[in-house]
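K.L.:
need a structure here:
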Amino acid sequence: MVSERFASAEMAAEEIQKMSVEQLKGVKEQADMEVNLFQDSLNNIRTATSRLERAAAALHDLSLRPRGKKMLVPLTASLYVPGMLDDAEKVLVDVGTGYFVQKTMAEGEDYCQRKIALLKSNYDQLQEVAAKKKSIADEAGAVLQAKLNLIAPSQ
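P.N.:
Residues are numbered from 1 along each chain as shown. Now for the predicted structure:
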């Protein structure tokens, strides 16, 4: 598999060398846009992972509180209302797009851990793809600059 990647990288480098200046500009611009989109996606994955880690920590904290404990319940990120803990063994888990599922505390913690593992796996895969795109953009930029330097003295 490594030899396939090396061979395809060599092929891509050869193809980039054969491109015209206009084609190189297009390839570099496209690759740069894709790298920016990948970076945005990586940031979103980091944010989602952080939220899930905080949720898992909150579940753990909630499991340690006694029944009848007074607490502030978040309605939004900045709005809290007073409440009382009725049953710490049952929690509502937001599974996306406004859907909530009642789970036990252990199932809720397991859900958070599975989602965190999935997001970290996706993050690692996306990071690899972003690095490849970045190397293509850098290669295209270097070849473009070399071709422009060759053209400039002759004019």
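
K.L.:
any chance you could map the helices in this protein?
P.N.:
2-18, 21-63, 105-154 (DSSP state H).

K.L.:
how about those in CSV, adding mean pLDDT and mean neighbour count?
P.N.:
For every residue, glycine as well, the C-beta is placed using N, CA and C. What follows is the helices of the chain, written out as CSV (pLDDT from 0 to 100; neighbours: other C-beta atoms under 10 Å):
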stretch, mean pLDDT, mean neighbour count
helix 2-18, 58, 11
helix 21-63, 92, 15
helix 105-154, 90, 15
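
K.L.:
Out of these, flag the one nearest residue 73.
P.N.:
helix 21-63 (10.8 Å; C-beta to C-beta).

K.L.:
how distant is that closest one from the center of its chain?
P.N.:
Helix 21-63 sits 3 Å away from the centroid of its parent chain (C-alpha atoms, centre = their mean, to the nearest Å).

K.L.:
same thing with stretch 119-138?
P.N.:
10 Å.

K.L.:
what would the helices of the chain look like in CSV with distance to residue 77?
P.N.:
Formatted as CSV, these follow (distance: least, C-beta to C-beta, whole Å):
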stretch, distance to residue 77
helix 2-18, 43
helix 21-63, 11
helix 105-154, 18
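
K.L.:
Against residue 152, how distant is the residue lying closest to residue 143 once chain neighbours are set aside?
P.N.:
Closest residue to residue 143 apart from its sequence neighbours, by C-beta to C-beta, 6 or more residues apart in numbering: residue 16 at 5.3 Å. Relative to residue 152, residue 16 is positioned 20 Å away (C-beta to C-beta, to the nearest Å).

K.L.:
next one: residue 74
P.N.:
Residue 74 is 61 Å from residue 152, by C-beta to C-beta.

K.L.:
same deal with residue 43?
P.N.:
Per C-beta to C-beta, residue 43 is found 38 Å from residue 152.

K.L.:
same thing with residue 86?
P.N.:
Applying C-beta to C-beta, the value for residue 86 to residue 152 is 75 Å.

K.L.:
Out of the helices of the chain, flag the one nearest residue 94.
P.N.:
Judging these by C-beta to C-beta, what sits closest to residue 94 is helix 21-63, at 8.5 Å.

K.L.:
elements contacting that closest one?
P.N.:
Helix 21-63 sits against helix 105-154, with contacts defined as 3 or more C-beta pairs under 8 Å, 6 or more residues apart in numbering; DSSP states H and E.
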